[in-house]
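> structure of the sequence below:
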Amino acid sequence: MREPLLFVPGMMCDARVFQPQVAHFSARRTVMVACVTQGERIEEMASAILLDSPQKFALAGLSMGGIVAMEILRRAPERVTRICLMDTNPLAETPHSAAAYEPMIVGIKAGRMGDVLRRFLTPDCLAPGPQRMQVLGQLQAMAESLGPDVFLRQIRALQRRRDQQAALRKAKVPALVLCGAHDSLTPVKRHEFMAGLIPYAQLAVLEAAGHVPSLEAPEAVIAALETWLSQPYVLRA
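Sure thing, here's the model as predicted:
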């Protein structure tokens with residue numbers, strides 16, 4: 001029996017960020033998209049997802065969703081049958097990088113969410129090409145629909161996130177680390193480092209994508225996920 005597949009969206013994204021993958025995989029298995037709009041800590045988001053999830057599931061997270069996925073793996077490794085981490089970061093924020101979020105918080109609280117979004121969602125984090133502005137528009141639409149309160153909670157959660165290197169080193173399930181070659185937010189070298197932490201991990205770098213490959217290169221992501229989902233459950237030492 002095929003295990004359920006659980007997607008975890010990135011910051012200021014909802015199920016629409018995985019729409020092509022959900023449409024493809026839901027024909028053959030149970031597919032769910034987690035909610036990451038509640039809680040001011042990554043741990044709270046992970047706990048809420050675990051409460052609403054099957055006993056065992058394949059887990060795929062994008063960007064902040066990948067950070068939440070790592071926390072799920074850390075606290076409930078027996079429930080995760082395999083893990084895919086896309087355009088994400090296993091490291092905690094430094095005091096300096098955490099402080100860099102503060103101007104965003106000030107802007108949101110002052111009612112300037114539109115300005116903050118334009119600085120946060122810049123075209124150069126996506127791959128160049130005709131799809132760039134279309135994908136950027138999709139990201140902006142999702143962010144605007146989620147609103148400023150969710151934005152603030154997610155920023156706070158990112159500021160306080162823990163380092164997940166130890167959890168990744170302990171992973172004993174099929175793992176895929178995937179990123180877009182043009183991702184300026186979480187570059188390829190960060191994913192090479194992350195793949196090196198996880199036993200047996202496969203690294204996939206998509207040349208036609210940036211930070212949001214699920215929308216920029218949906219068919220390539222589907223193909224990579226198909227390979228990942230076909231790997232045996234148990235990996236030998």
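> quick check: pLDDT value at the residue most central in space within the chain.
Geometric centre of the chain, nearest residue: Leu62, 1.6 Å, by Cα atoms, centre = their mean. At Leu62, the model reports a pLDDT of 98.
> what sits opposite it in the beta ladder?
Taking DSSP bridges as the rule, Leu62 bridges to Met86.
> isn't it up against Val17?
Yes. Using Cβ atoms under 8 Å, Leu62 is in contact with Val17, at 6.5 Å. No exception for glycine: its C-beta is placed from N, CA and C like everyone else's.
> and for those two, which residues touch both?
Pro9, Gly10, Val212, Ser214 (Cβ atoms under 8 Å, 6 or more residues apart in numbering).
> show me where the chain has helices.
Taking DSSP state H as the criterion, the chain contains helices spanning 19-25, 42-51, 64-75, 95-99, 102-109, 113-120, 132-146, 148-159, 165-169, 188-197, 213-216, 218-229.
> same for the first one, what does it pack against?
If I follow you right, that is helix 19-25. Judged by 3 or more Cβ pairs under 8 Å, 6 or more residues apart in numbering; DSSP states H and E, helix 19-25 is in contact with strand 5-8, strand 31-33, helix 213-216, helix 218-229.
> could you do the longest one as well?
Helices and strands touching helix 132-146, as assessed by 3+ Cβ pairs under 8 Å, 6+ apart, comprise helix 113-120, helix 213-216.
> now do the buried residues in it.
Buried residues in helix 132-146, defined by neighbour count with 16 or more other Cβ atoms under 10 Å: Arg132, Val135, Leu136, Gln138, Leu139, Gln140, Met142, Ala143, Leu146.
> swap in the fifth one?
Counting neighbours by 16+ other Cβ under 10 Å, one finds that the buried residues in helix 102-109 are Met104, Gly107, Ile108.
> can you check what angle separates that helix from helix 148-159?
Taking axes from the mean of the first three to the mean of the last three Cα atoms, to 10 degrees, helix 102-109 and helix 148-159 form an angle of 160 degrees between their directions.
> for the second one, same thing?
With the same axes, to 10 degrees applied, the angle from helix 42-51 to helix 148-159 works out at 110 degrees.
> give me the contact list for helix 42-51.
6, 8, 34-36, 38-39, 67-68, 71-72, 75-76, 79, 157-158, 160-162.
> buried subset of those residues?
Buried by 16+ other Cβ under 10 Å: 6, 8, 34, 36, 39, 67-68, 71-72, 76, 157-158, 161-162, out of the contacts of helix 42-51.
> what about stretch 117-134, how long is it end to end?
16 Å (Cα to Cα, to the nearest Å).
> who's in contact with that stretch?
12, 104, 135-136, 139-140, 143-144, 180-185, 208-212, 216-217.
> picking up where we left off before, want to try CSV for the helices and strands packed on helix 19-25, with distance to Lys170 and mean pLDDT as columns?
Shown next, in CSV, are the helices and strands packed on helix 19-25 (distance: least, Cβ to Cβ, whole Å; pLDDT from 0 to 100):
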stretch, distance to Lys170, mean pLDDT
strand 5-8, 20, 98
strand 31-33, 25, 98
helix 213-216, 26, 98
helix 218-229, 19, 98
